[in-house]
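J.: please find the sequence and the predicted model below.
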Amino acid sequence: MKAFYQAISAGADTAEKATNALTAANKLAIGGVTDTQTAIDGLTSVMNAYNGKAGSFTDISDSMFIAMRAGKTTIAELSSSIGDLAPIASQAGASFDGVMSATAALTKGGVSTSTAMTGLKGVLASVIKPSSEAEKMAESLGLQFDAAALKSKGLSGFLEDLKDKTGGSTEKMAMLFGGVEALTPVLALTGAAS
């Protein structure tokens with residue numbers, strides 16, 4: 001009953017939407033070995049942050065489950081961390097599936113879920129509001145380094161273009177992303193974790 005109330009209070013504004021959310025959360029909780037309340041928290045955080053553009057509750061649940069299976073993370077970890085990343089990911093135009101794929105790749109490489117999501121948040125923030133140094137570097141590389149590029153190419157396409165234009169140079173990527181928080185996941189996602 002608490003999970004149903006949580007679904008309603010988090011924006012599932014009709015009985016049908018709340019029931020759909022609860023059904024997806026129950027399946028995710030069973031498959032992800034967690035409780036329904038934890039699962040519903042993650043699902044509603046994503047649904048609200050993406051304003052329904054991440055798909056249905058079932059689509060979101062499936063993406064989280066695949067990330068759990070492909071990476072080294074849990075549904076509880078994903079649910080507790082996604083609320084910090086989903087709003088900026090949505091605004092930057094990064095698909096939820098792309099975010100979950102990147103999270104899975106980073107956790108598979110040994111990065112904790114919360115660190116992976118914090119790092120991805122830093123990557124997206126660097127792209128949305130690049131420093132003047134990053135803008136100059138991107139221009140010299142012929143790299144479109146903005147939210148429009150991220151939206152049009154998707155996160156993996158954007159990272160692939162980044163890798164190609166920088167030649168995989170750590171120094172050039174450091175100029176584009178600055179701090180360690182964003183640089184670490186970018187190097188991993190354009191290197192071994194790609």
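T.: On my side now, so go ahead.
J.: is there a neighbour count for Leu150? I'd like the number.
T.: The number of residues packed near Leu150 is 25, by other CB atoms under 10 Å. Yep, even glycine has a C-beta here, placed from its N, CA and C like the rest.
J.: show me the shaky parts of the protein.
T.: Applying pLDDT under 70 to the chain flags residues 1-13, 193-194.
J.: ok, now with 80
T.: Regions of the chain meeting the criterion pLDDT under 80 cover residues 1-15, 18, 192-194.
J.: mind jotting down where the helices sit in it?
T.: 2-9, 15-31, 36-49, 57-70, 75-92, 96-108, 113-128, 132-141, 147-166, 170-177, 180-189 (DSSP state H).
J.: the nearest residue in space to Ile40 that is not next to it in sequence: neighbour count?
T.: Leaving aside its sequence neighbours, Ile40 sits nearest to Ala25 (CB to CB, 6 or more residues apart in numbering; 4.0 Å). Residues within reach of Ala25, counting by other CB under 10 Å, total 31.
J.: from Thr58, how far out is Ala25?
T.: Ala25 sits at a distance of 10 Å from Thr58 (criterion: CB to CB, to the nearest Å).
J.: now for the residue nearest to the spatial centre of the chain: which residues touch it?
T.: Nearest to the mean C-alpha position of the chain, by CA atoms, centre = their mean, lies Val99 at 2.8 Å. Val99 makes contacts with 85-86, 89, 120, 155, as judged by CB atoms under 8 Å, 6 or more residues apart in numbering.
J.: now with 10 Å?
T.: By CB atoms under 10 Å, 6 or more residues apart in numbering, the contact list for Val99 reads 46, 50, 54, 63, 67, 82, 85-86, 88-90, 92, 116-117, 120-121, 124, 155.
J.: how about Gly142?
T.: Applying CB under 10 Å, 6+ apart, the residues near Gly142 are 161, 165.
J.: ramachandran angles for it?
T.: phi 70, psi 30 (degrees, to the nearest 10).
J.: who touches stretch 163-170?
T.: Under CB under 10 Å, 6+ apart, the answer for stretch 163-170 is 137-138, 140-145, 162, 172-176, 183, 186-187, 189-191, 194.
J.: from Ala25, how far off is the residue nearest to the centre of the chain?
T.: Here Val99 is placed at a distance of 19 Å from Ala25 (CB to CB).
J.: quick check: Ile66 touching Ser101?
T.: Yes - using CB atoms under 10 Å, Ile66 is in contact with Ser101, at 8.3 Å.
J.: the two: which is more packed in?
T.: Between Ile66 and Ser101, counting by other CB under 10 Å, Ser101 is the more crowded of the two (20 against 14).
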